[in-house]
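In: Sequence first, predicted model second:
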Amino acid sequence: MEFKKLVIENFRNFSSIEVALSNKNVIFGMNDSGKTNLL
């Protein structure tokens with residue numbers, strides 16, 4: 001199974017987000033920005 005897109009609405013600190021996915025994805029950001037919530 002391959003995921004092409006991730007859509008999150010009203011989950012923890014994300015009000016609305018849409019992310020296009022590829023074979024390899026990198027998640028980075030400042031501390032307390034929601035990286036772990038995205039996983």
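Out: Okay, I see it.

In: contact partners of stretch 18-34?
Out: For stretch 18-34, contacts defined as Cβ atoms under 8 Å, 6 or more residues apart in numbering pick out 3-8, 12-14, 35, 38-39. Bear in mind the C-beta positions are built from the backbone N, C-alpha and C, glycine included.

In: ranges for the helices of the protein?
Out: Ranges of helices in the chain, per DSSP state H, are 35-38.

In: All the strands of it, in order from the start?
Out: For the chain, the strands defined by DSSP state E cover 5-11, 14-20.

In: Quick check: neighbours of the last one in the sheet, parallel or antiparallel?
Out: Each strand pairing with strand 14-20, determined using DSSP bridges, is listed with its direction: strand 5-11 (antiparallel).

In: who touches the strand it pairs with?
Out: 14-21, 37-38.

In: From the chain's centroid, how far away is that strand?
Out: 7 Å (Cα atoms, centre = their mean, to the nearest Å).

In: Please put the alpha-carbon coordinates of it into CSV.
Out: Below are the C-alpha coordinates for strand 5-11, written out as CSV (Å, rounded to 0.1, in the frame of the first residue of the first chain):
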residue,chain,number,x,y,z
LYS,A,5,-1.5,12.4,0.5
LEU,A,6,-2.1,13.0,4.2
VAL,A,7,-5.0,15.2,5.2
ILE,A,8,-5.5,16.2,8.9
GLU,A,9,-8.4,18.3,10.2
ASN,A,10,-8.8,19.3,13.9
PHE,A,11,-6.3,17.0,15.4
